[in-house]
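*Asks:* here is my input, please return the structure:
(chains A and B, ligands or ions: 2)
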Amino acid sequence: MTTAELLGTDPGWIIAVKAVMVFGICVVATLMAVWTERRVLAKMQLRTGPNRVGPAGLLQSLSDGVKLALKEDIIPAAADKVVFIIAPIIATSMCFMAFAVIPMTGVVNLFGHKTALQLTDLPVGVLYILAVTSIGVYGVVLAGWSSGSTYPLLGGLRSSAQVISYEVAMGLSLVAVFIYASSMSTSDIVASQHQHIWNAVVLFPSFVIYVISMVGETNRAPFDLAEAEGELVGGFHTEYSSLKFALFFLAEYVNIIAVSALATTLFLGGYHALPGLGFTEQWLGGWFTLIWFFAKVNLFFFIFMWLRGSLPRLRYDQFMKFGWKVLIPVSLIWILIVASLRVLQQEGAPRSAILAFAAGVVIIVMAMSSLVERNKEKVRSADLPLGEAPNFPVPSLPNVQSINVSGGK
Amino acid sequence: MTDFNENLHIEKKASGQADINSVPFTEVEQPGPASLAQQAKGFWVTFSTMFKKNQTVQYPDVKAPTAPRFHGRHQLNRHPDGLEKCIGCELCAWACPADAILVEGGNNTPGNQMSPGERHGAVYQINYLRCIFCGLCVEACPTRALTMTNQPAHLL
Ligand code: SF4
Ligand code: SF4
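*Replies:* Ligands and ions are numbered 1, 2, ... in the order given. Next up, the predicted model:
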């Protein structure tokens, strides 16, 4: 019985219970995530991090949340009131909705009913996730626009441009997964990985592209241009306070957990155990798979923290260039290769033909990259045309006399 | 100080200033992107740091000795004969950039001789929520009545 058929037999009250559970898991995971992030980042900087509220500071984010809720709620005079209030609601609710199709456990026993911890199973589940997360961008844009102030507007525009362009790369990296699993449903993709091998191994380039673009998608360091504290005050949520700010905060972290969960589902075999540890899946009546699922999600979350601790923020043009000129072309070419291999396989081409095709692709890629490298060398060694001197005073430096900044004639 | 422009053979304009257009240019090698291994090294730094010892001192719970030249809590001194040095002149209060000091002077009377001379500091308060420990008050004090000790000013 497939997961879709299994979920089809759910009575209404089980669905309601699961909806509440999904919501609860998201909120609790956010509280834990904030605490974990602060502690781990602190460790990376030889600090301790929050350790005074509750045991080891575990209740810190809860008390922060309570504090935020009790603060004065300010709506600026220049703001568009209705949109200003709706924006955080859109941003948050869309993140939660993405979680509806994520399969978190295998078959489990929930109050005497056989089901799986997945709210619903759509034949186009992954497309649905892409759709709701892009609606979430509206929250950010509208927040920036309705604040009636400059920095939020800049931040909102930046982040929408960022999310849209990285969503292209993200969507393209998922195409290879669809081709390989011949399905867009999350549970089917998990099942197909269980039968064969994790997509992260066979579709390694897609995996790398997805991991990069998921960081870009969620506006996290080093791609956190939208909230660049040093440049834009706080980005799109500068004017927000109290619960509305808390909603944006919640949205950010739920979004991170959602893309990590999607990465787990699509590339790391979902809730299934590591290869060779399959017997653990029966423990606790199937509930042990939830632990595997969150272990994998945490792995991605650790990558988020690690990036934030290691890398400085990118410049906006570098960031866009990276997205459009590197990630998207690479994923397009990769899709072409995967699709051709798939067709060859389905047409029953002999193994030698497939191998020859793969070898040909490898040779072409290597030739192209070496050509590009040589071109780079040429550009580097070519004499720069000596332009006119700049007509503004330049300070004299020891050893370095001056850099020609005016370019050719 | 050496003027690096001296050995550049820059023609001087009639006005005596250097003609900026005659400054010779040389190309500067720009470092390209680092290799993948070198970039991975950066990630290793943050990762390995996680397993090192924290530098944080849990201050109110653990009181580490202060640095030898740390200047912290203020102290009003006395002359060897027991009279107070402070004369209530308020110079410290006026010098304070954080407006942390309140001084009210009082008259010395024959029955109540607090300090040599005519005046003494009757009220002397320092607000440690405002003080930034700059030490300007100590510099301002004409009688060396006010000094700073090596103790941290315990706020908790
Ligand atoms: S140390 Fe500086 S801030 Fe503190 S009381 Fe003296 S003058 Fe004011
Ligand atoms: S400057 Fe010195 S003498 Fe004058 S009031 Fe302050 S502590 Fe007293």
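
*Asks:* now residue A:292: closest residue in space that isn't a chain neighbour?
*Replies:* residue A:273 (5.2 Å; Cβ to Cβ, 6 or more residues apart in numbering or on different chains). Yep, even glycine has a C-beta here, placed from its N, CA and C like the rest.

*Asks:* what sits against that neighbour?
*Replies:* If you count contacts by Cβ atoms under 8 Å, 6 or more residues apart in numbering or on different chains, residue A:273 has them with A:279-281, A:289, A:292.

*Asks:* what ranges do the strands span in chain B?
*Replies:* When assigned using DSSP state E, the strands of chain B occupy the ranges B:74-76, B:101-107, B:119-126, B:146-148.

*Asks:* end-to-end on stretch A:316-333?
*Replies:* Here the two ends of stretch A:316-333 are set 25 Å apart, with distance taken as Cα to Cα, to the nearest Å.

*Asks:* chain center to stretch A:277-294, what's the gap?
*Replies:* 25 Å (Cα atoms, centre = their mean, to the nearest Å).

*Asks:* any buried residues in that stretch, and which?
*Replies:* If you call a residue buried by 16 or more other Cβ atoms under 10 Å in any protein chain shown, then stretch A:277-294 has these buried ones: A:281, A:286, A:288-290, A:292-294.

*Asks:* CSV for the residues you listed, including secondary structure and pLDDT?
*Replies:* Putting the buried residues of stretch A:277-294 into CSV (DSSP: H, G, I helix; E, B strand; the rest coil; pLDDT from 0 to 100) gives the following:
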residue, secondary structure, pLDDT
A:281, helix, 73
A:286, helix, 75
A:288, helix, 82
A:289, helix, 84
A:290, helix, 85
A:292, helix, 86
A:293, helix, 87
A:294, helix, 88
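
*Asks:* now these in a markdown table, with distance to residue A:83?
*Replies:* Converted to a markdown table, those look like this (distance: Cβ to Cβ, whole Å):
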| residue | distance to residue A:83 |
| --- | --- |
| A:281 | 47 |
| A:286 | 45 |
| A:288 | 45 |
| A:289 | 42 |
| A:290 | 38 |
| A:292 | 42 |
| A:293 | 37 |
| A:294 | 36 |
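
*Asks:* from those, pick the one nearest residue A:51.
*Replies:* Set against residue A:51, the nearest of these by Cβ to Cβ is residue A:294 (23.4 Å).

*Asks:* got any ranges where chain A has weak pLDDT?
*Replies:* Counting by pLDDT under 70, the low-confidence segments of chain A come to A:1, A:226, A:228-230, A:377-409.

*Asks:* got a list of what whichever residue of chain A sits closest to ligand 2 touches?
*Replies:* In chain A, the residue found nearest to ligand 2 is residue A:52; the distance is 37.0 Å by Cβ to the nearest ligand atom. Residues touching residue A:52, when contacts are defined by Cβ under 8 Å, 6+ apart, comprise residue A:60.

*Asks:* please, where are all the strands along chain A?
*Replies:* Listed in chain order, the strands of chain A (DSSP E) span residues A:107-110, A:113-116.

*Asks:* quickly compare those strands and say which is most buried.
*Replies:* Counting by mean count of other Cβ atoms under 10 Å in any protein chain shown, strand A:113-116 has the highest mean neighbour count of the strands of chain A, with a mean of 18.

*Asks:* sheet partners, orientation included, of that one?
*Replies:* Each strand that pairs with strand A:113-116, with its direction, by DSSP bridges: strand A:107-110 (antiparallel).

*Asks:* ok, residues contacting the partner strand?
*Replies:* Applying Cβ under 8 Å, 6+ apart, the external contacts of strand A:107-110 come out as A:6, A:14, A:17-18, A:114-117, A:285-287, A:289.

*Asks:* distance to residue A:234 added to those residues, as a markdown table?
*Replies:* Formatted as a markdown table, the entries for these read as follows, by distance: Cβ to Cβ, whole Å:
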| residue | distance to residue A:234 |
| --- | --- |
| A:6 | 45 |
| A:14 | 41 |
| A:17 | 38 |
| A:18 | 36 |
| A:114 | 47 |
| A:115 | 42 |
| A:116 | 40 |
| A:117 | 36 |
| A:285 | 46 |
| A:286 | 44 |
| A:287 | 40 |
| A:289 | 39 |
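
*Asks:* closest one of the residues you listed to residue A:303?
*Replies:* residue A:289 (21.9 Å).

*Asks:* ok, now which ones touch that closest one?
*Replies:* Under the criterion of Cβ under 8 Å, 6+ apart, the contact list for residue A:289 reads A:104-106, A:108, A:271-273, A:281.

*Asks:* buried ones in the lowest-mean-pLDDT helix or strand in chain B?
*Replies:* One helix or strand of chain B scores below all others by mean pLDDT, DSSP states H and E: helix B:36-49, with a mean of 87. Residues residue B:46 are the ones in helix B:36-49 that count as buried (16+ other Cβ under 10 Å).

*Asks:* same check, this time on stretch A:90-108
*Replies:* Applying a neighbour-count criterion of 16+ other Cβ under 10 Å, the buried positions in stretch A:90-108 are A:90-106, A:108.

*Asks:* quick check on the most centrally placed residue in chain B: phi, psi?
*Replies:* Central residue check for chain B by Cα atoms, centre = their mean: the C-alpha nearest the mean position is that of residue B:134, 5.1 Å away. Listed backbone geometry of residue B:134 is phi -90, psi -20, with angles given as degrees, to the nearest 10.

*Asks:* quick check: pLDDT value at it.
*Replies:* According to the model's per-residue confidence, residue B:134 sits at a pLDDT of 91.

*Asks:* and the closest residue to it other than its chain neighbours, how many neighbours?
*Replies:* Among residues not flanking residue B:134 along the chain, residue B:97 sits closest, at 6.4 Å (Cβ to Cβ, 6+ apart). By the measure other Cβ atoms under 10 Å in any protein chain shown, the count of residues near residue B:97 is 11.

*Asks:* contacting residues around residue B:97?
*Replies:* By Cβ under 8 Å, 6+ apart, the residues touching residue B:97 are B:132, B:134, B:136.

*Asks:* repeat that with 10 Å
*Replies:* Residues in contact with residue B:97 (Cβ atoms under 10 Å, 6 or more residues apart in numbering or on different chains) are B:130-132, B:134, B:136-137.

*Asks:* sweet, I'm off.
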